[in-house]
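Engineer: Curious how this folds, go ahead:
(one chain, ligands or ions: 2)
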Amino acid sequence: MTAATYQYVDLPDAQVVTTRALLTARENITDTVAARAMMCIHGNAGFGKTLAVNTCLRELEDARGEEVCRVTFRARPTARAVRYELFTALGLPGEAPRHPSEFDRLLKTALAERPRTFLVDEAQWLNGEAFEYFRYLWDEPSTQLAIVFVGGAGCHTVLRREPMLSSRVFIWQQFARLTPQEVQDVIPLFHPVWAEAAPEDIVFADQHAAHGNFRAWAQLTAHIRTALARTGRPKVDEELLRWAFSRLA
Ligand SMILES: Nc1ncnc2c1ncn2[C@@H]1O[C@H](COP(=O)(O)OP(=O)(O)OP(=O)(O)O)[C@@H](O)[C@H]1O
Ligand SMILES: [Mg+2]
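Structural biologist: Numbering: from 1, shown residues only. Ligands and ions are numbered 1, 2, ... in the order given. From the prediction side, this is the model:
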């Protein structure tokens, strides 16, 4: 899978850049996986959590052969839905068992075979029962699971309400906006349209539109590409920026 797979929109020539949050996530995830522990990454929408976690886990897959199972919830799952998602993520053959106890046995047997890491994205959708199920699997002595929970701001609140699970969380990491200095450092590397841009234009774009939010930067970049292609101008300027902002307002 290439880095581009994680981009918000199909944004040709965009690069994954090393933000401070990504560096910290790399260290935290490496330590969590080594300890076969659980961690939680939380923060607002568009701050780059999913991209960072996928980038770091991909590195561990490539460098250390870590087996990563990605589970993403898009709505509040029932206990059966959680079991079923895990069954699918593990790529287990045959039909999913009907009875919960049979299902649990199957999952525990599969998880005892070898160490694995679960990436549970959109974890703010999980309720107490669902979190409790992950804890149950993780606590089982035969399993060697590391779990990375990733979620919006609500994820932290929901997890904190589950003391059985949250007391077992090894590392908590909050993602925040890019600082103005980080914007200056990483945005020119993020996409060629910013590589040649005047630093004032990047400051202007951040203050008026992107506000340190990476998804907003990606959207803005897509509109600027369009504007450059339509006008034939060689590089971004204030007029093009204002036009792009009008689409984001
Ligand atoms: N380090 C990075 N390098 C390059 N682009 C990035 C980086 N981080 C984020 N982006 C861009 O910002 C977009 C949003 O990031 P991402 O999907 O990871 O946010 P998120 O925090 O998971 O948001 P949500 O809570 O809505 O799921 C990405 O699709 C990508 O285009
Ligand atoms: Mg995400």
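Engineer: State the helix or strand in which H42 lies.
Structural biologist: Using DSSP states H and E, H42 sits in strand 38-43.
Engineer: what sits against H42?
Structural biologist: Counting by C-beta atoms under 8 Å, 6 or more residues apart in numbering, H42 touches K49, V150, G151, G152, A153, C155, H156, L159, W172, Q173, Q174, F175. Bear in mind the C-beta positions are built from the backbone N, C-alpha and C, glycine included.
Engineer: Can you flag the buried ones in those?
Structural biologist: For those, a burial check counting by 16 or more other C-beta atoms under 10 Å picks out K49, V150, G151, G152, C155, H156, L159, Q173, F175.
Engineer: out of those residues, which touch ligand 1?
Structural biologist: With C-beta under 6 Å from any ligand atom as the criterion, these include K49, G152 near ligand 1.
Engineer: near ligand 1, which residues of this protein show up?
Structural biologist: Residues of the chain that fall close to ligand 1, judged by C-beta under 6 Å from any ligand atom: 6-8, 16-17, 19, 22, 45-52, 152, 190, 214-215, 218.
Engineer: Whichever of the residues you listed end up buried, select them in PyMOL.
Structural biologist: Here is the PyMOL command that selects the buried residues among the residues of the chain next to ligand 1 (16+ other C-beta under 10 Å):
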select buried, resi 6+7+8+16+17+19+22+46+47+48+49+50+51+52+152+190+214+215+218
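Engineer: now, which of the residues of the chain next to ligand 1 lie within helices?
Structural biologist: Among these, the members falling in helices are L22, K49, T50, L51, A52, F190, F214, R215, A218 (criterion: DSSP state H).
Engineer: which of the residues you listed lies closest to D121?
Structural biologist: Compare each of those with D121 using C-beta to C-beta and the shortest gap goes to T50, at 5.8 Å.
Engineer: My guess is that closest one contacts A123. True?
Structural biologist: No - at 11.3 Å, T50 does not count as touching A123 under the criterion of C-beta atoms under 8 Å.
Engineer: Report the set of residues contacting both of these two.
Structural biologist: By C-beta under 8 Å, 6+ apart, T50 and A123 have these common neighbours: V150.
Engineer: where in this protein is pLDDT low?
Structural biologist: Within the chain, the segments meeting pLDDT under 70 span 1-9.
Engineer: ranges for the helices of it?
Structural biologist: Remark: helices assigned in the chain by DSSP H are 20-34, 49-64, 79-89, 100-113, 128-139, 153-160, 163-166, 180-190, 192-195, 199-205, 214-231, 238-248.
Engineer: ok, P12 - how many residues close by?
Structural biologist: Residue neighbour count, defined by other C-beta atoms under 10 Å, stands at 10 for P12.
Engineer: no wait, A146
Structural biologist: Look at A146: counted by other C-beta under 10 Å, it has 25 neighbours.
Engineer: This completes my enquiry, with thanks.
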